[in-house]
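Q: Just to be clear, the model below is a prediction. Sequence and coordinates:
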Amino acid sequence: MQHSGLGAQFALEGSETSAIAQVAVELPLETPLDYRIPQDLRTSCQVGQRVLVPVGKRQVLGYIVGLASTSAVADLKELVEVLDDTPLLTPALLQLTRWIAEYYLCPWGQVLKAAVPEGFRVQTDVVYALMATAQDNPQAWPQGRAGEVLEYLAHHGGQRQHDLERVLGVPDIAPLLRRLQHQGLLLRQQQRLAPKTQPRLVTVVRVCLPPAEVSVLQQHMQQRSPSQAAVLAVLQEQPEWEMAALRQRLPGAPAAVKRLAARAAVEVVQVEKMRAVVPAPPRLASPPPTLNQAQQQALGQIETRLAAADSTPVLLYGVTGSGKTEVYMRAIGIALRQGKTALVLVPEIALTDQLVERFVARFASHIAVLHSGLSAGERFDEWRRLACGEARIAIGARSAVFAPLANLGLVIVDEEHDTSYKQEETPRYNARDVAIVRAQQSRAVVVLGSATPALETFHNARSGKYLSLSLPQRVEDKPLPGITVIDQRAHATPNERVISTPLYQAIATCLQRQEQCLILINRRGFAAYLQCRDCGAVPQCAHCSVSLTYHRRDRTLKCHYCDFSHPAPAVCPACSSPTLRPFGLGTQQVEEVLQALFPTARLARMDRDTTRAKAAHQRILRTLGSGAIDILVGTQMIAKGHDYPNITLVGVVSADATLAIPDFRAPERLFQLLTQVAGRAGRGPAYGQVFIQTYRPEHYSIAFAQHHDFPGFFHDEVQRRQAMLYPPYTRLARVIVDSPDTARAEAASRWLGAVLQRRIAHTPHLTLLGPAEAPLAKLNDRYRWHMLVKAASSRALHQCLKEALAEAHQDREQLRAARISVDIDPVTFL
Ligand code: ADP
Ligand code: ZN
Ligand code: ZN
């Protein structure tokens with residue numbers, strides 16, 4: 001029996017006598033549930049297995065998280081079915097997910113749901129089947145529709161109501177089914193549905209004879225059956241073929257194979273062939289560069305820690321283009337040589353195709369890729385390749401932090417500051433922080449890399465909590481790009497509203513030299529909003545308290561929060577005046593303006609609208625890489641880690657828009673965005689240039705970015721944080737209360753605020769801000785209120801929240817029709 005290595009509560013040593021399984025189910029329940037294990041399953045039940053258990057009238061998927069011989073609950077139900085022979089979840093994954101559940105204050109079962117790929121999910125439903133007695137006695141069946149139903153079930157086995165309605169073409173079959181049930185002809189039962197995702201099987205033809213006999217048979221067949229002879233000839237080249245490949249060579253192969261199988265010369269079998277996700281490595285990979293001194297030094301430090309299995313987090317602070325990725329790859333090489341595995345987290349994998357290619361060129365089939373852009377089947381296969389040890393490096397976005405890697409030696413978090421590591425739905429975890437905990441639990445080395453580390457991370461490095469390594473220069477002494485800040489107030493003519501004269505001239509020069517440029521505008525669509533010139537009305541989303549964004553391409557107004565959209569009105573909805581005008585810039589408008597200014601330039605746009613289709617990101621970036629795009633306009637997507645040597649110019653249109661967001665990290669986000677997008681310029685032989693247009697040239701985020709001065713920015717900003725008691729000097733939790741009813745949202749939130757306030761009053765170093773209406777006061781038809789809890793330590797924060805929530809959940813009446821979400825270490829405040 002495996003010991004799960006958890007605390008005593010869930011890891012009671014399993015033994016032959018374990019009669020109770022503790023099961024975390026995928027439902028919002030506070031604790032795992034106890035179930036009796038049926039006698040015949042007692043010896044085979046193991047921690048980490050998936051099981052089906054009854055909850056109320058339903059059967060749901062759960063995971064065994066502990067075994068025990070007794071339970072405090074008297075009248076226990078039995079578990080229905082054990083779904084795995086060997087545990088799907090390793091003790092390490094159970095330990096990690098349990099930590100997440102406790103730290104982020106969410107149910108363990110829901111963390112497991114997020115950790116396990118969709119393809120392993122099992123669904124159950126109510127199924128109607130013929131009673132055995134009815135099966136034997138068809139003469140007694142009723143006529144008409146009822147008879148048809150029974151006939152169908154007799155042939156096809158149990159069916160769901162919905163499926164019966166569909167195949168028999170009956171709109172509402174429920175009354176009929178009830179009647180048949182009463183008559184004792186039908187049985188209504190919960191049944192597990194066939195999994196949607198299954199191993200992919202292919203047909204394979206395999207020789208069964210020794211080579212000499214194949215050769216004799218082939219000779220013999222040449223006269224009698226040329227097609228069989230031809231198949232045998234091909235099988236002499238290679239004794240095993242996929243049927244599809246064989247048929248491509250010899251169109252008549254299937255028939256010939258059938259006859260050869262009848263002679264027992266070949267066999268035809270179904271074998272699993274995993275879905276291919278990772279691209280094939282290039283035939284000619286360029287040799288790895290020689291590390292420069294800073295890289296060598298950093299690698300040396302990481303190597304020492306790998307040897308010592310020291311999981312003190314390592315910050316690799318390296319300016320853009322300083323060769324961080326090369327250091328990651330060398331470190332992974334060392335971990336693999338030690339027989340260990342590696343986990344690489346990247347912010348949004350769709351945007352880091354190039355990085356995956358570099359890894360594949362170096363490590364080929366050792367790599368598995370995990371991210372939400374894969375189909376359920378692809379994810380299922382990549383996960384299993386890792387679990388069985390065939391792949392030893394997992395690269396992926398946020399949820400790859402749960403990759404089933406055994407013997408983990410190294411964890412890399414690239415662009416560790418990126419907000420996409422934070423999941424904005426339950427479980428609201430930050431994959432960067434989970435990665436640190438995972439590394440500590442498995443005694444692996446964890447490296448956080450960035451050119452613009454999060455303030456919290458840099459603070460930890462400064463204070464000695466993390467090891468600090470730096471790559472202060474670009475590789476091969478390439479200079480960082482020169483940055484010019486353009487005061488848009490001085491370029492106010494209508495012609496210069498979008499692209500100022502200096503930026504215009506720089507683009508013209510860039511195009512003349514046949515170099516490429518990126519133009520960043522951090523809003524998609526054509527204009528921020530439409531406004532009536534007569535009455536001032538701005539069309540709002542019907543479901544959220546935000547104005548709708550104008551998309552001129554398809555003449556619609558879209559909500560960027562809930563995706564609601566409708567045709568743009570021709571006249572003002574409030575006063576019917578025909579004077580609705582677009583205000584504020586978006587990517588579409590910038591693209592149009594640029595196309596008008598540079599009619600022969602090849603333009604492309606990259607934002608959420610142009611990248612909805614699968615692999616659309618890759619297509620745009622490949623085209624950029626091939627040189628077929630001169631100007632790429634886009635949102636923050638274009639700022640991410642791309643490494644294209646022919647990009648020499650980066651323009652930022654209206655840089656300060658992000659400062660308007662009510663978020664204490666807004667200046668930090670702006671600094672990061674500017675530094676990252678600037679980092680795309682001048683990575684090749686030619687010098688790079690950046691133009692930042694802004695109405696607030698004096699803002700310190702812009703000034704520090706202009707001088708590539710991260711330490712300076714940190715020094716200033718961290719003092720503001722200290723003065724305001726914000727992270728890294730405090731810990732935060734945000735509590736959101738929402739409801740479809742505006743009065744309920746407010747009342748429940750005020751009541752919960754009072755519960756929290758009572759606890760906080762007795763605890764030093766805790767403060768409550770709010771409750772107040774959230775800046776995004778309505779989202780998806782739910783009204784939202786929020787409050788912030790600030791604490792000196794994470795322990796105090798958790799203690800207070802746990803107790804307050806427990807108290808709140810006891811008084812359900814007060815929370816009627818309202819929902820509470822707790823967000824620990826929040827990154828958005830809207
Ligand atoms: P970062 O991740 O810090 O932005 P990269 O690792 O992408 O930087 O490196 C930028 C480019 O420099 C890549 O094309 C990489 O192959 C190359 N490179 C990395 N290290 C060296 C080196 N020591 N000498 C020459 N080129 C290097
Ligand atoms: Zn109007
Ligand atoms: Zn909306």
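A: That came in fine, so what should we check first? Ligands and ions are numbered 1, 2, ... in the order given.
Q: Poorly predicted segments of the stretch 701-830 of the chain, please.
A: Across the stretch 701-830 of the chain, nothing is flagged by pLDDT under 70.
Q: tell me which residues of stretch 783-796 are tucked away?
A: 783-792, 796 (16 or more other C-beta atoms under 10 Å). Bear in mind the C-beta positions are built from the backbone N, C-alpha and C, glycine included.
Q: So which of those residues are in helices?
A: Among the buried residues of stretch 783-796, the members falling in helices (DSSP state H) are Ala796.
Q: Just the closest of the buried residues of stretch 783-796 to ligand 2, please.
A: Nearest to ligand 2 out of these is Tyr783 (C-beta to the ion; 26.4 Å).
Q: hmm, which two among the buried residues of stretch 783-796 are most spread apart?
A: For those, with distances taken as C-beta to C-beta, the pair at the greatest spread is Tyr783 and Ala792 (32.2 Å).
Q: what distance separates stretch 612-619 from the middle of the whole chain?
A: 16 Å (C-alpha atoms, centre = their mean, to the nearest Å).
Q: hmm, I was thinking of stretch 98-115
A: 16 Å.
Q: next one: stretch 53-63
A: Using C-alpha atoms, centre = their mean, the offset of stretch 53-63 from its chain centre is 27 Å.
Q: Check stretch 115-132 too.
A: Using C-alpha atoms, centre = their mean, the offset of stretch 115-132 from its chain centre is 25 Å.
Q: Show me what counts as buried in that stretch.
A: 115-117, 119-120, 122, 124-131.
Q: What about these, which are in strands?
A: 124-130 (DSSP state E).
Q: Touching, Leu673 and Met637? I think so.
A: No: assessed by C-beta atoms under 8 Å, Leu673 is found out of contact with Met637, at 11.3 Å.
Q: who in the stretch 501-650 of the chain is up against ligand 2?
A: Contact residues (C-beta under 5 Å from the ion) of the stretch 501-650 of the chain with ligand 2: 532, 534-535, 537, 572, 574-575, 577.
Q: from those residues, which ones fall inside strands?
A: Using DSSP E, the subset of these located in strands is Cys532.
Q: now the angle between strand 124-130 and the helix or strand harbouring Arg145, please.
A: Assigned by DSSP states H and E, Arg145 belongs to helix 144-156. For helix 144-156 against strand 124-130, the angle by axes from the mean of the first three to the mean of the last three C-alpha atoms, to 10 degrees is 110 degrees.
Q: Only the buried residues of helix 144-156, if you could.
A: Going by 16+ other C-beta under 10 Å, helix 144-156 has these buried residues: 146, 148-150, 152-153.
Q: who's more crowded, Leu673 and Met637?
A: The residue with more neighbours, out of Leu673 and Met637, is Met637; 23 against 20, by other C-beta atoms under 10 Å.
Q: which residues touch that one?
A: Counting by C-beta atoms under 8 Å, 6 or more residues apart in numbering, Met637 touches 348, 351, 606-608, 611, 617.
Q: of those, closest to Arg98?
A: Scanning those for proximity to Arg98, where the rule is C-beta to C-beta, the winner is Glu348, at 27.7 Å.
Q: Chain neighbours aside, what residue packs nearest to that closest one?
A: What sits nearest to Glu348 in space, not counting adjacent residues and going by C-beta to C-beta, 6 or more residues apart in numbering, is Ser420, at 5.4 Å.
Q: Kindly confirm my reading that that neighbour is in a helix.
A: Yes: under DSSP: H, G, I helix; E, B strand; the rest coil, Ser420 sits within a helix.
Q: Cool, thanks, signing off.
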